[in-house]
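J.: need a structure here:
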Amino acid sequence: MQAIYNYASLVTALGSAILGLLVYLRNRKKDLNKRYLFMSLTISLWSFSLFRWGTVVDPRIVLSWAKALHIGATFIPITYFHFIVELLGLKKEKKRTLLMGYLISLIIASTAPTNLLIKGVEDRFYFKLWPVPGKIYPIFLLLFFVFVFYSFYLTFKAYKKADGFYKAQLRYILLGLIVGFGGGATNYFLFYNIRVIPVGNFFVFFYVILYAYAILKYRLMDITVAITRTGIFVAVYTLILGLPFALASWLKPWLIDYFGPNWWIAPLILMAALATVGPFIYIYLEQKAEAKLLKEQRRYQEILKQASVGMTRIRSLRKLLDLITHIVTKTVHISYAAIYLHNRETDEYVLQVSRDKGRVPIQKLSSDNPLIAWLAADREPLIYEEVKRQMQDSNDVKYKQLEENMRLLTASVIIPSFLEDRFMGFFVLADKISGQIYTPEDLNVFQVLASQAALAIENAQFYEEAKEMQEQIAQAEKMATIGTMADGLSHQINNRFYALSLIAGDTIDTIKMTDTANCTGEVKEMINQINHALERIQANVMQGGEVVRGILKYTRRGDTAFEALTLDQIIDGTLEMVQYKVKLSEIDIIRDYPKDGPKLKGNLTQLEEVFFNFIDNAYDAIVERRDFLKEEGFRGRITVSAQPKDSVLEITIEDNGIGVKEEDMKKMFTPFFTTKVSSRRGTGLGLYVIKRILTDNHKGKIIVESAYKLGTRFIVELPIA
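T.: Coordinates of the predicted model:
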């Protein structure tokens with residue numbers, strides 16, 4: 001028994017010192033790590049002195065080590081209390097208690113060289129030369145238990161109010177306190193001749209490990225699982241080591257009679273056999289115990305896995321997102337959940353769905369937000385308590401920014417969702433209603449769910465975009481049909497206008513030829529008003545005819561023959577038509593080219609269609625910038641400039657609109673792609689048609705340059721006539 005006791009003391013001494021240094025070196029500036037180091041060193045001093053006390057044989061040296069171990073034991077409760085005060089953030093409130101505790105501990109420790117604390121050593125129970133308490137030993141015990149129980153009271157009080165990771169951390173602290181000090185307290189029975197073996201001394205190092213784990217580890221294991229695993233491990237390996245030891249101790253005479261001088265082979269064979277089957281027994285018992293303990297957790301994890309498989313069959317994006325949040329909140333019992341997805345048009349991560357009517361979540365986060373940048377780069381779940389502790393442990397401003405964003409999102413965990421290398425969005429999960437922490441197994445399941453959700457979201461978005469594209473194609477076909485009908489429609493409309501004009505003209509002539517001399521003043525006034533109204537009808541009929549002729553001119557394909565054209569001809573014809581769609585009074589159109597410049601070779605109707613699209617798109621971009629940026633004094637501007645370049649005329653059409661985002665530049669000339677966000681949302685065919693007219697029909701070139709929030713420039717090259 002003495003040998004095992006000595007071995008346990010040496011392990012505790014070395015382990016405590018090493019762990020204390022490791023925790024301190026992890027963050028030298030943090031006060032909690034310093035307090036842990038001091039506590040570990042006092043435990044190490046006590047344990048090493050205990051080891052030396054048990055290994056020497058000279059009674060005088062044994063007494064010296066017995067006194068030395070009580071110096072360490074005197075400072076254990078106060079350094080532990082200091083550690084707890086630092087952990088709970090009560091340093092200022094308990095300052096006087098700390099000073100008094102250190103002073104009393106120092107006074108008691110100063111008496112150790114005398115016989116007041118330990119007056120001698122004598123054989124007690126299984127141990128030789130056990131320390132005999134002196135006169136002030138009860139004061140030492142009182143100090144020990146007062147600070148231990150006070151520490152327990154403060155920790156338990158904080159535990160009742162805590163939640164999330166902090167609550168889980170305090171569970172480890174309470175467990176360590178019970179195991180460590182409960183085990184260490186078994187040493188004191190023999191001091192008063194109570195025949196209790198101090199077996200609890202073997203568990204002192206266990207609480208030092210627990211505290212290091214609670215300080216350093218950000219993702220704590222469920223405390224019930226930790227206790228179960230530890231208990232099974234201790235039970236199995238106590239059996240493996242204890243049975244051979246018991247066989248050798250209790251049955252030694254029988255083994256000698258039966259095996260002779262080689263009696264020791266039997267315990268050795270038994271130990272080898274148990275050591276072989278021991279790991280299998282441990283794994284089997286651990287799996288059985290965890291299956292029972294984590295039954296509820298495994299249940300909802302399995303539901304989430306099954307849900308992730310079936311999500312890809314849902315085509316409606318809204319239904320898909322609602323389903324995900326419903327499953328997560330109901331199966332895991334989470335107080336709040338939300339999903340944010342990337343919006344390509346605004347380059348923001350926008351709230352799509354949230355599940356908790358009592359909260360008002362943030363609606364969107366920009367792509368340059370530190371939280372978004374972190375998730376995109378790290379690709380791992382982000383846990384609020386981890387971020388909060390990292391912020392406390394370091395002065396890095398990025399952790400402060402992450403903590404602030406997660407607090408505003410009311411997020412305990414954020415799970416990023418990726419489709420290959422594309423960051424689709426993220427899930428926000430609040431605390432579990434049960435108050436339990438998110439285990440590593442939970443996070444793994446959520447990551448699988450997020451990956452499957454990314455694919456399902458992509459499929460749903462593709463389906464909705466395809467549906468929208470079909471609608472745009474149908475609309476484009478309608479517009480094309482109207483174009484082919486333009487001749488017939490214009491003829492019918494002009495006939496109606498002509499009839500109205502004749503009726504109005506005839507009525508005006510009739511009024512003019514009618515003698516109104518004998519009419520009353522009221523009748524004359526009425527006739528004048530009718531005459532004025534008929535004149536207005538005639539004027540509007542004339543304007544309507546001009547509009548019809550303009551539409552007819554635009555929709556006709558025109559003569560396919562090419563001719564020499566001035567740039568002014570094209571611009572004038574374009575403005576004549578575009579004025580019916582664009583409010584030209586709201587913008588400035590600048591012609592920055594020489595009037596006597598070279599003519600270009602082209603088809604007038606087709607080139608008017610090209611410049612119509614340029615001006616129409618520029619106007620939409622200008623309106624979007626005006627409404628989105630709200631810049632004081634902003635006014636839209638479209639500049640058309642030209643200069644000869646070898647055998648071509650280089651024409652530049654530049655606007656100061658909202659511009660195009662970098663990721664959209666490569667899709668500018670793709671059919672049915674549009675960046676318009678106003679109510680006049682385009683079909684996405686304009687630039688595609690422009691490019692075909694310029695490159696295929698006119699053998700020219702077109703280049704686009706754009707800067708988001710600054711403007712867009714189109715550079716067109718057309719052959720000189």
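J.: From here on, just use CA atoms for contacts and neighbour counts.
T.: OK.
J.: Flag the shaky bits of the stretch 501-650 of the chain, pLDDT-wise.
T.: When residues are selected by pLDDT under 70, those of the stretch 501-650 of the chain lie in 543, 545-561.
J.: Let me see the ranges of the helices in it.
T.: 521-555, 567-578, 604-629 (DSSP state H, counting those that start in this stretch).
J.: Include mean neighbour count and distance to residue 700 when you put these into CSV, please.
T.: As requested, the helices of the stretch 501-650 of the chain are arranged in CSV below (neighbours: other Cα atoms under 10 Å; distance: least, Cα to Cα, whole Å):
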stretch, mean neighbour count, distance to residue 700
helix 521-555, 15, 21
helix 567-578, 18, 15
helix 604-629, 20, 12
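J.: Kindly reformat the ones you listed as JSON lines containing distance to residue 446.
T.: Output for the helices of the stretch 501-650 of the chain, formatted as JSON lines (distance: least, Cα to Cα, whole Å):
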{"stretch": "helix 521-555", "distance to residue 446": "56"}
{"stretch": "helix 567-578", "distance to residue 446": "54"}
{"stretch": "helix 604-629", "distance to residue 446": "37"}
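J.: So which of those is nearest residue 11?
T.: Closest to residue 11 of the helices of the stretch 501-650 of the chain is helix 604-629 (Cα to Cα; 68.0 Å).
J.: Let me see the contact set for the spatially most central residue of the chain.
T.: Centroid-nearest residue in the chain, with Cα atoms, centre = their mean: residue 414, separated by 4.0 Å. Residue 414 makes contacts with 381, 382, 383, 426, 427, 428, 429, as judged by Cα atoms under 8 Å, 6 or more residues apart in numbering.
J.: check which helix or strand covers it.
T.: Using DSSP states H and E, the element containing residue 414 is strand 413-419.
J.: how distant is that strand from the center of its chain?
T.: 6 Å (Cα atoms, centre = their mean, to the nearest Å).
J.: Can you give the strand pairings for that strand, parallel or anti for each?
T.: strand 382-383 (antiparallel), strand 422-429 (antiparallel) (DSSP bridges).
J.: looking at these, which has the lowest confidence?
T.: Ranked by mean pLDDT, those bottom out at strand 382-383, which scores a mean of 86.
J.: Now tell me what touches it from outside.
T.: For strand 382-383, using Cα under 8 Å, 6+ apart, the contacting residues are 375, 412, 413, 414, 415.
J.: Repeat that for stretch 632-652.
T.: Contacts of stretch 632-652 (Cα under 8 Å, 6+ apart): 586-594, 597-598, 600, 615, 618-619, 622-623, 626, 653-657, 713-720.
J.: hmm, 6 Å instead?
T.: 587-593, 622, 653-656, 714-720 (Cα atoms under 6 Å, 6 or more residues apart in numbering).
J.: Tell me the span between the first and last residue of it.
T.: 27 Å (Cα to Cα, to the nearest Å).
J.: Okay, buried residues for it please.
T.: Neighbour counts using 16 or more other Cα atoms under 10 Å place 636-644, 648-652 of stretch 632-652 among the buried residues.
J.: Which SSE is immediately downstream of the helix or strand hosting residue 691?
T.: Following DSSP H and E, one finds residue 691 within helix 686-691. Remark: after helix 686-691, the chain's next helix or strand is strand 701-707, criterion DSSP H and E.
J.: pull the CA atoms of that following strand into CSV?
T.: C-alpha atoms of strand 701-707 as CSV (Å, rounded to 0.1, in the frame of the first residue of the first chain):
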residue,chain,number,x,y,z
LYS,A,701,-16.0,44.9,-81.8
ILE,A,702,-17.4,45.8,-78.4
ILE,A,703,-15.6,46.0,-75.1
VAL,A,704,-17.1,46.8,-71.7
GLU,A,705,-15.4,48.3,-68.7
SER,A,706,-17.1,49.0,-65.4
ALA,A,707,-16.5,49.8,-61.7
